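Asker: Generate a structure from the sequence data that follows.
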Amino acid sequence: MAEKAYRSVAKTISWRTVGTLDTMIISYFITGNLVMAASIGSIEVITKMVLYYFHERAWNKISFGKIKEPDYQI
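Answerer: Purely as a prediction, here's the structure:
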């Protein structure tokens with residue numbers, strides 16, 4: 001079963017929210033600077049959302065690990 005593009009967008013946004021918070025926390029612990037951590041997180045969120053979306057759509061086209069459902073139902 002293939003996923004619709006809007007499902008990939010929703011997954012992208014939810015995953016990047018978690019990932020960006022993680023990046024900002026790690027950046028803060030490393031730099032000790034909240035402004036720097038927020039700057040790193042804001043750049044990272046945009047680039048990784050775009051990369052994840054295209055990664056997700058590419059995997060949606062690959063049949064690896066998918067089970068083909070029958071064309072009929074009883």
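
Asker: all helices of this structure, in order?
Answerer: In order along the chain, the chain carries the following helices (DSSP state H): 5-31, 34-61.

Asker: Could you name the stretch from those that's closest to residue 68?
Answerer: Across the helices of the chain, residue 68 has its closest neighbour in helix 34-61 (14.5 Å, C-beta to C-beta). Glycine gets a C-beta too; all of them are placed from N, C-alpha and C.

Asker: Next, the contact list for the residue nearest the centre of the chain, please.
Answerer: With distances taken as C-alpha atoms, centre = their mean, residue 12 lies nearest the centre of the chain, 3.6 Å away. Residue 12 sits next to 49, 52, 53, 56 when contact means C-beta atoms under 8 Å, 6 or more residues apart in numbering.

Asker: What is the nearest of the residues you listed to residue 62?
Answerer: Among the contacts of residue 12, and counting by C-beta to C-beta, the member closest to residue 62 is residue 56, at 11.1 Å.

Asker: these two touch, right, residue 19 and residue 51?
Answerer: No: Residue 19 is not in contact with residue 51 according to C-beta atoms under 8 Å; the separation is 11.1 Å.
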